[in-house]
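Chemist: Structure of the sequence below:
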Amino acid sequence: MRRLANLVLLLVAVALCYGLQMSKPHYADLIGPIPVRGKVGDVVVGRSFEVRVEKVQFARKLRADRYGETKVLTTGGVWALVTVEFAARDASTVVSTASWRGPTRLTYDHTERLSFINNGFLPVTVDPGLQKKARLVFEVRPEEVGNATVLISSKLLAALDSQAEISIGPVAASSDGMPAGTVDTLDLTQPVDGLPK
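Modeler: Residues are numbered from 1 along each chain as shown. Just a heads-up that it's a prediction; the model follows:
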């Protein structure tokens, strides 16, 4: 009888230890970014910067100039362009990373295919009292558009720093599966109010 009681006590202790191990937060969660949430049109205030998403556009192709030559960039999915306005809080800061997290939690980083365009794309230096507009560009699968979240940080690894998490909300799909309002070609060579040329 005593042996059975010891075995039951051992099994209870093992189950308790396993439960504690599975329910405790992971180290990455403890030192990860601190989310600051909002939606399109809201001013989301982080530790070092503020951001407001003005509009979200979708395109099948992008047209851009590279050293006087026009390039047309295509993608197997859809281009998602997010126009944002940044403002620094207390000191000059650099906003350097952005990601698109779809409804399935699949994450797409800001594209590097437009790195030849210097103005209006990440990284963006922001000074206090001076708002600056920028475009965030992502290549995403069409089914990852609706109810997505745009994640914006000042650092690549935003450990123990704020991260803006801006909800895009639902996006209707057209008959071909693309987001409603998707344009065939979006011309990045045309000036947009407030964006550097």
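
Chemist: tell me the pLDDT at the closest residue to residue 147 other than its chain neighbours?
Modeler: Nearest residue to residue 147, sequence neighbours excluded (C-beta to C-beta, 6 or more residues apart in numbering): residue 103, at 4.4 Å. (Glycine included, C-beta is placed from N, CA and C.) If you check residue 103, the pLDDT there is 94.

Chemist: Averaging pLDDT per element, find the lowest-scoring helix or strand in the chain.
Modeler: helix 27-31 (a mean of 74; mean pLDDT, DSSP states H and E).

Chemist: buried ones in that one?
Modeler: Within helix 27-31, not a single residue qualifies as buried, counting by 16 or more other C-beta atoms under 10 Å.

Chemist: Check what contacts that helix and list those residues.
Modeler: Applying C-beta atoms under 8 Å, 6 or more residues apart in numbering, the external contacts of helix 27-31 come out as 159, 160.

Chemist: Work out the gap between that helix and the centre of the chain.
Modeler: 19 Å (C-alpha atoms, centre = their mean, to the nearest Å).

Chemist: Can you name the element that comes right after that helix?
Modeler: On the C-terminal side of helix 27-31, the closest following helix or strand by DSSP states H and E is strand 34-39.

Chemist: Is residue 58 bridged to anything, and to what?
Modeler: residue 80 (DSSP bridges).

Chemist: show me where pLDDT drops low in the protein?
Modeler: 118-119, 158, 191-197 (pLDDT under 70).

Chemist: What are the boundaries of the strands in it?
Modeler: Taking DSSP state E to define them, one finds strands in the chain at 34-39, 43-45, 49-66, 69-88, 93-95, 97-101, 107-109, 124-126, 132-140, 148-153, 162-169, 183-187.
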